[in-house]
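K.L.:
coords please:
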Amino acid sequence: MRIDKRLLASLIFVLLLIPITCKQKTEKAEETVNKDVILATTTSVNDTGVLDVLIEKFREASGFNIKPIAVGSGEAMAMGKRGDADVLVVHSPKDEEAFMKEGFGIERYLVMTNTFMVVGPAEDPAGCFGAQSAAEAFKKIAETKSNFVTRGDNSGTHKKELAIWNKTAITPTGEWYITANTGMGAVLQIANEKRGYTLSDCGTYLAFKSKLSLKVMVEKDPLLLNPYSVIVLNPDKFPKINVAGAKAFAKFLLLPETKKLIGDFGKDKYGEPLFYPAER
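P.N.:
Next up is the predicted model:
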């Protein structure tokens with residue numbers, strides 16, 4: 001049987017073209033994978049320095065690039081509700097529960113904890129040191145009209161502060177109650193300058209301690225527990241969300257090696273970790 005030379009040449013050309021075409025399609029598919037992941041998180045996670053370490057380790061392990069936006073937990077969740085982020089790391093449990101019930105998140109996991117503390121000037125004009133609870137300390141601050149700097153930004157720390165004031169049945173008002181509307185590191189510096197008190201997470205306080213003359217007044221109070229969670233946003237509400245990157249980051253935060261990294265962070269410099277990895 002004779003084979004038409006022109007037909008044979010055409011077949012050979014097609015066979016040679018197939019792998020090239022497949023390679024081009026594969027390369028094109030790889031190019032369309034979004035490697036940027038927008039993380040809305042709290043200033044406390046950012047200010048402590050642990051976030052930089054986590055981002056770099058995650059990039060090395062996954063190839064995804066985390067782009068962090070450090071705000072209060074309230075604003076982070078507001079960003080999530082607008083579809084302006086892919087994943088959240090926040091510390092406002094009641095708000096997180098409502099966020100999930102409203103369908104804005106598809107996965108939520110406890111990642112780590114630390115504690116809040118009441119800090120203030122060494123001279124302690126309100127006599128807070130030795131108070132049995134944060135509420136008792138707050139009551140003394142209000143009664144003496146000693147300066148108190150509030151975040152005032154709807155953050156997780158601000159929400160915790162309001163919960164403590166609620167325990168005292170006092171609505172703080174007056175010149176002594178100073179609204180900063182900024183992040184935790186800046187609030188600590190303002191309180192330092194004003195010789196006032198504030199509520200801080202222990203991680204940010206330890207990270208800024210060398211720059212401050214503020215002392216810890218109250219820290220051993222069950223109300224001051226401070227849990228941080230990761231939330232993967234719902235792509236059904238916002239199709240442009242990088243759900244693959246968000247899920248990969250959430251999974252990374254729960255790995256044993258990541259938990260060890262979190263638990264070790266700060267030990268060498270501060271003598272204790274800034275966060276404790278959550279047990280699952």
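
K.L.:
so where is this structure shaky, pLDDT-wise?
P.N.:
1-33, 280 (pLDDT under 70).

K.L.:
How are the strands of it distributed by residue range?
P.N.:
36-42, 65-71, 87-90, 105-121, 148-150, 177-179, 198-201, 214-218, 225-233, 276-277 (DSSP state E).

K.L.:
mind listing what's buried in the second one?
P.N.:
What it means is strand 65-71. I66, P68, A70, V71 (16 or more other C-beta atoms under 10 Å). C-beta here means a position set from N, CA and C on the backbone, and glycine is covered the same way.

K.L.:
neighbours around the closest residue in space to the first one that isn't next to it in sequence, how many?
P.N.:
Looking back up the chat, that one is I66. Spatial nearest neighbour of I66, chain neighbours left out: I55 (4.5 Å); criterion: C-beta to C-beta, 6 or more residues apart in numbering. Neighbourhood size, I55 [other C-beta atoms under 10 Å]: 18.

K.L.:
now the one 5 residues further on
P.N.:
Counted by other C-beta under 10 Å, the residues lying close to E60 total 8.

K.L.:
Look up phi and psi at D153.
P.N.:
phi -120, psi 20 (degrees, to the nearest 10).

K.L.:
hang on, it packs against V187?
P.N.:
No. In this structure, D153 is not within contact of V187 by C-beta atoms under 8 Å, at 9.1 Å.

K.L.:
more neighbours, these two?
P.N.:
V187 (28 against 21).

K.L.:
Contacts only, for the closest residue to that one other than its chain neighbours.
P.N.:
Nearest residue to V187, sequence neighbours excluded (C-beta to C-beta, 6+ apart): A180, at 4.9 Å. Counting by C-beta atoms under 8 Å, 6 or more residues apart in numbering, A180 touches V149, T150, R151, G152, D153, A186, V187, I190.

K.L.:
Surely the second one is in contact with T182?
P.N.:
No. The pair T150 and T182 does not pass the contact test of C-beta under 8 Å, sitting 10.5 Å apart.

K.L.:
Comparing those two, which residue is more hemmed in?
P.N.:
Applying other C-beta under 10 Å to T150 and T182 shows that T150 carries more neighbours, namely 21 against 17.

K.L.:
Name the nearest residue to that one, sequence neighbours excluded.
P.N.:
T179 (5.5 Å).

K.L.:
coming back round to it: pipe the strands of the chain into TSV and attach distance to A137 per row.
P.N.:
Formatted as TSV, these follow (distance: least, C-beta to C-beta, whole Å):
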stretch	distance to A137
strand 36-42	23
strand 65-71	27
strand 87-90	25
strand 105-121	5
strand 148-150	10
strand 177-179	15
strand 198-201	9
strand 214-218	5
strand 225-233	16
strand 276-277	23
